[in-house]
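S.K.: Show me the folded form of this:
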Amino acid sequence: MDWNRRACARRGHETYAPDEPGLRAKLHTETPIGVAWRCLRCGDFVLGDAKGSGPAQEAPEVLRGRALRDVLILRFLAIERAARGVLILFVAYAIWRFSNAQDSVRRVFEEDLTLLKPLFNHYGYDIDNSPIVESIRKTFDYKHSTLVWVAVGLVVYAVIEIVEAVGLWMLKRWAEYLTVVATGMFLPLEVYELTEKVSYFKIGTLVLNIIAVLYIIVAKRLFGLRGGHEAFEAARREESLLEIEDATHAGPVRQPWQEHLSKQAGPPAAETV
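M.R.: This is a model prediction of the structure:
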């Protein structure tokens, strides 16, 4: 996939008119139907005035190539973290409400269970010894303070997830570190849960978190890996300003309409002596 043209198709081209005459001439062209400027992302010439102008060093840092792919992956992780954080907040709220009405909920549960017992007995299901019913009854024995602390812990966890989501969406490096550390801390717990009971959801969550941690560490060069932050910034700067750097070192830009006329004219005729 051509990530540069894909981004330009969705967001529009990024053109810039540098003040330096030599560089300006290489990023600018005149066509029979008007002026055109070279896009800093995809490299194509775009008809119309440039979006910005000024010194070359003040040109916008346009993400290109692999950087655009990284943005898509990080924002997918941001959406996943945000959805998880919101879901955990709802669970925390439900536990808090339950902690304030344990006796009422227990009474309603036992009354409904008594009404449903003949129906389950008719189908041969022993509801009194049901593992699900036993698990629900155990929750009624939890102390109010214990449930409150569980709700508080879930809120803290949800806030961490939402902060991760916001930071990843805004492409902040601190969010990448936070995601790796926070996700890595919970991996042993997820493995332990699989030893208790295996489910496709738990397996998928564990695999996704492992891939996310490894990808961010390697691709973003965290913890000094592959040259660390300086190497990452240098690679991103080279990638984002590649079109300007190529134009600076390249020869004169051939006008697109001149190339078209040259192809129509065919090869030059042989010189007559």
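
S.K.: Now do the helices in the stretch 51-200 of the chain.
M.R.: Remark: helices of the stretch 51-200 of the chain, listed N- to C-terminal, are 66-99, 102-122, 131-139, 144-169, 173-196, 200-219; assignment by DSSP state H, counting those that start in this stretch.

S.K.: Return the distance of Gly184 relative to Leu74.
M.R.: To Leu74, Gly184 is 17 Å away according to CB to CB, to the nearest Å. Where C-beta positions appear, they are placed from N, C-alpha and C, glycine not excepted.

S.K.: ok, now Ala83?
M.R.: 15 Å.

S.K.: Same question for Ala234.
M.R.: The spacing between Ala234 and Leu74, counted by CB to CB, is 20 Å.

S.K.: the more surrounded of these two?
M.R.: Leu74 (23 against 11; other CB atoms under 10 Å).

S.K.: ok, the closest residue to the more buried one other than its chain neighbours - how many residues close by?
M.R.: Leaving aside its sequence neighbours, Leu74 sits nearest to Leu168 (CB to CB, 6 or more residues apart in numbering; 4.9 Å). Close neighbours of Leu168, defined as other CB under 10 Å, add up to 26.

S.K.: Which pLDDT value does the model give Leu168?
M.R.: In this model, Leu168 is scored at 92, pLDDT.

S.K.: I'd guessed it sits against Arg81; true?
M.R.: Yes: judged on CB atoms under 8 Å, Leu168 makes contact with Arg81 at a distance of 6.7 Å.

S.K.: Identify the contacts common to those two.
M.R.: Taking CB atoms under 8 Å, 6 or more residues apart in numbering as the contact rule, Leu168 and Arg81 both touch Thr179.

S.K.: buried set for stretch 151-169?
M.R.: Residues of stretch 151-169 classed as buried under the neighbour-count rule (16 or more other CB atoms under 10 Å) are 151, 154-155, 157-158, 160-165, 167-169.
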